[in-house]
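In: Give me a model of this one.
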Amino acid sequence: MDELILRCACCMHEKQEPGPCKRCGAQTDPLQDPACLPMHSILADRYYIGMPIQRNGESNVYLAYDNDYDCVCLVREFYPPTLAKRSVEDQSVLPMTDCESQFNTYRSEFTSLWKRIQKLKGLPGLVMITDVFDFNGTSYAVTPNSDDITLREMLKRQPESRITWEQARIMFIPLFSTLATLHSTGILHRGLSPETIHVDRNGRLRMSDFAVADLRIAKTELDTELFDGYCALEQYTPGKAIGPWTDVYAFCAVLYRSLTGHIPVAAPFRAIEDTMAIPSNIAGSLPEYAINAIIDGMEIYSLERVQNMDELRKLIAAPTEYIPRRQITEDETYYPTDADLGQDGQADLPIEEAPAEDTQEPVLTDALSDDSADDETIQWGSEDGEEDAEQEEDEKKKKSNLDKAITALLIVILAITLVGLGFVGKYLASFIQGDPVIQNPAQQETTVVVPNCLGLTMEEIENTPDIMNNFTVRFVMVTGSSRAYGQIDRQSLNFGDSVAIGSELMLSVSALPMPDVTGQPIIQAQAALDSYGLTYFVEYKTYSDGDKTKSGSVAYTTPGSMTAVVPGENRMYAKDGQYYDVLITVWYYGVVSSEVVTGNNSSPTDAFNNNINIDLNFGNDSVG
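Out: This next block holds a predicted model:
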């Protein structure tokens, strides 16, 4: 760099002279922490370092300025204080004595984690990673700075510190597909909470603060960071299996906090006595299937819990497919560790047994009835007088079993009688009419029951033979839907109706209007498409006369602006058998050969509809 520009360490605004910042009002710099990079230093000849804004047992996060791209950013530095210290001479990070092996192992995991996340750019519920590099004997990851606020802060600004089910459903939908995609690549968050989920000005949720695994597990070499109320029980005991089900617990706990305004009871306390409850005045406004999904997603013991985000999405998006939680049998006593898990995160060994006193079904009170008292709740766990209730229940079961046996016997006798009468009737009819009674064993049903397709994706529909073989399916893209992009918003045939096999089933698919990037610089256009998870292919349209300033700007896109598109579903042919959502044609002055520039090539992702009417109240005090 030729000249160092002085900036405010608190907001990165350029300062003409030392003294108070005219933008944020900071009088002086914060005190310098010797464990952090010096403020106003230059990292890797590129990043102007400001004040540290976050520290935990794994890393330091600094407000910074990217001199290459002239923008404010956040720089995350791998710095585990229990394993390393900073050199006074050159600010490098040095492992402590006898800690080199652990330091290098964690550092390698840190670098691998952020590089893998960087490759997933375009997922709507994920922060974008712009740079991952090594320097100062450690590793760094860079993300753009924004004026987002935490979900915790947003909830505090709402009436009763909570949001409605309709608001939550729209806000949280993008996180389903984002977490499912992360899990499919082997990435777990392990720290989902209102502190690590951010909300932008449009109400879009984004996950941040990923970390190496041991930071979010108790009793490791790192100074543990556990979010009580949101961390699952298995995170409090080393050696327990951690997997997608762990993030499912945290996701449902965040949803519980958002809907009730109450912080969930910490898992270790729930394991002793489960006092989790949903007040009746809130439960009455929630769909029963949503309550069931949250209960199943927050089961204390992991093997009784919903196992992945796809299963949880079906419970919430398709309530007719509700599946009760798994029951543990007496001879299943083994709890797998991470070492026993395959690459898919599933164990091939016996499984744990939950303690008998903790495996009762949730006790549902009359909280959903209109005349319920204000203090009635939906509660996990046991109730007083349970033994008397069990004795009474046993007596009822004995009487019920006897009644069922008698009823079953009568039904069998009646069925035999009807079959006999039917056979005689057919025989007599054929004798009188002179025609033989011929039963065609190959005769097939002529009608079929219409399934519930709402909330499913196009891929799920296409991979369901019962739908594709019995109906003439036609997809229609629509915009303005509150459902996640790619999900079925409406269907032409009513769920549960009987219709003729082969009937046309028209399915409206939630889509986003293609952003208008015509005339924008290609980098800006790519960023816009990346933000929606659209993949793209770039081709150049050359010209040799006229205005040179338009060179490098977008001439047009295919499909055109405002056309309904679904990330990952358009499949426009680009080159070498690769499929992309959008073809970008760029002006270029002179002669150039075509080249491919791709965005996110992962599976289709859900974007966001921000019509949620939530008071975000960001104000004008944003950084950068």
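In: residues contacting the residue nearest to residue 500 when sequence neighbours are not counted?
Out: Once its chain neighbours are removed from consideration, residue 500 has its nearest residue in residue 447; the separation is 5.9 Å (CB to CB, 6 or more residues apart in numbering). C-beta here means a position set from N, CA and C on the backbone, and glycine is covered the same way. Applying CB atoms under 8 Å, 6 or more residues apart in numbering to residue 447 gives the contacts 498-501.
In: what's the answer for residue 205, then?
Out: Taking CB under 8 Å, 6+ apart as the contact definition, residue 205 lies against 125, 151, 171-172, 174-175, 197-199.
In: mind listing the strands in the stretch 101-250 of the chain by residue range?
Out: Ranges of strands within the stretch 101-250 of the chain are 131-135, 138-144, 149-150, 197-199, 205-207, based on DSSP state E, counting those that start in this stretch.
In: Of all those strands, which one is nearest residue 66?
Out: Between residue 66 and those, the shortest gap by CB to CB is with strand 138-144, which sits at 7.3 Å.
In: Kindly export the closest one (C-alpha atoms) in PDB.
Out: Provided in PDB are the C-alpha atoms of strand 138-144 (Å, rounded to 0.1, in the frame of the first residue of the first chain):
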ATOM      1  CA  THR A 138      -2.600 -19.000  12.100                       C
ATOM      2  CA  SER A 139      -5.700 -18.900   9.800                       C
ATOM      3  CA  TYR A 140      -8.300 -16.300   9.000                       C
ATOM      4  CA  ALA A 141     -11.800 -16.200   7.500                       C
ATOM      5  CA  VAL A 142     -13.400 -13.000   6.200                       C
ATOM      6  CA  THR A 143     -17.100 -12.200   5.900                       C
ATOM      7  CA  PRO A 144     -18.800  -9.000   4.700                       C
END
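In: how big is the angle separating that strand from strand 131-135?
Out: In this structure, strand 138-144 runs at an angle of 150 degrees to strand 131-135, with axes from the mean of the first three to the mean of the last three CA atoms, to 10 degrees as the basis.
In: what pairs with strand 138-144, and is each one parallel or antiparallel?
Out: Pairing partners of strand 138-144, with direction, according to DSSP bridges: strand 71-78 (antiparallel), strand 131-135 (antiparallel).
In: and residue 276, which of the ones you listed is closest to it?
Out: Between those, strand 71-78 lies closest to residue 276; by CB to CB that is 34.0 Å.
In: quick one: the closest one to chain centroid distance?
Out: Per CA atoms, centre = their mean, to the nearest Å, the displacement of strand 71-78 from the mean C-alpha position of its chain is 24 Å.
In: Now that strand: buried residues?
Out: Within strand 71-78, the residues that qualify as buried are 72-78, counting by 16 or more other CB atoms under 10 Å.
In: so after that strand, what's the next helix or strand?
Out: On the C-terminal side of strand 71-78, the nearest following helix or strand under DSSP states H and E is strand 84-86.
In: partners of that next one, with directions?
Out: strand 93-95 (antiparallel).
In: Could you list the residues in contact with the strand it pairs with?
Out: Counting contacts by CB under 8 Å, 6+ apart, the residues touching strand 93-95 from outside are 77-79, 83-87, 102-104, 136-138.
In: Can you flag the buried ones in those residues?
Out: Judged by neighbour count, with 16+ other CB under 10 Å as the criterion, the buried members of the contacts of strand 93-95 are 77-79, 83-84, 86, 102-103, 136-138.
In: Next, the contact list for residue 44, please.
Out: With the criterion set at CB under 8 Å, 6+ apart, residue 44 makes contact with 133, 135, 140.
In: quick one, what contacts the residue lying closest to the first one once chain neighbours are set aside?
Out: Same thing as residue 133. When the adjacent residues along the chain are set aside, residue 133 lies closest to residue 140, with 5.6 Å between them (CB to CB, 6+ apart). For residue 140, the residues meeting the contact criterion (CB under 8 Å, 6+ apart) are 43-44, 75-78, 131-134.
In: between these, which is nearest residue 554?
Out: Nearest to residue 554 among the contacts of residue 140, with distances taken as CB to CB, is residue 131, at 24.9 Å.
In: Residues in a beta bridge with that closest one, which ones?
Out: residue 142.
In: So it versus residue 142, what's the distance?
Out: Here the distance between residue 131 and residue 142 works out to 4 Å (CB to CB, to the nearest Å).
In: Kindly report the domain assignment for the protein.
Out: What the record gives for the chain is the domain set 1-97+130-145, 149-385, 447-510, 513-589, from automatic domain parsing.
In: Which of these sits closest to residue 410?
Out: The nearest among those, by CB to CB, is domain 447-510 at 29.3 Å.
In: Look at that closest one and report the distance between its end residues.
Out: Separation of the first and last residues of domain 447-510 by CA to CA, to the nearest Å is 29 Å.
In: Quick one: mean pLDDT for it?
Out: Per-residue pLDDT values across domain 447-510 average out to 85.
In: Compute the distance from the centre of it to the centre of its chain.
Out: Centroid separation for domain 447-510 versus its chain: 24 Å, with CA atoms, centre = their mean.
In: related to what we said a few turns ago, I'd like the strands of the stretch 101-250 of the chain written out as JSON lines, with mean pLDDT and distance to residue 290 added.
Out: JSON lines is the format used below for the strands of the stretch 101-250 of the chain (pLDDT from 0 to 100; distance: least, CB to CB, whole Å):
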{"stretch": "strand 131-135", "mean pLDDT": "97", "distance to residue 290": "38"}
{"stretch": "strand 138-144", "mean pLDDT": "96", "distance to residue 290": "32"}
{"stretch": "strand 149-150", "mean pLDDT": "93", "distance to residue 290": "23"}
{"stretch": "strand 197-199", "mean pLDDT": "94", "distance to residue 290": "19"}
{"stretch": "strand 205-207", "mean pLDDT": "93", "distance to residue 290": "17"}
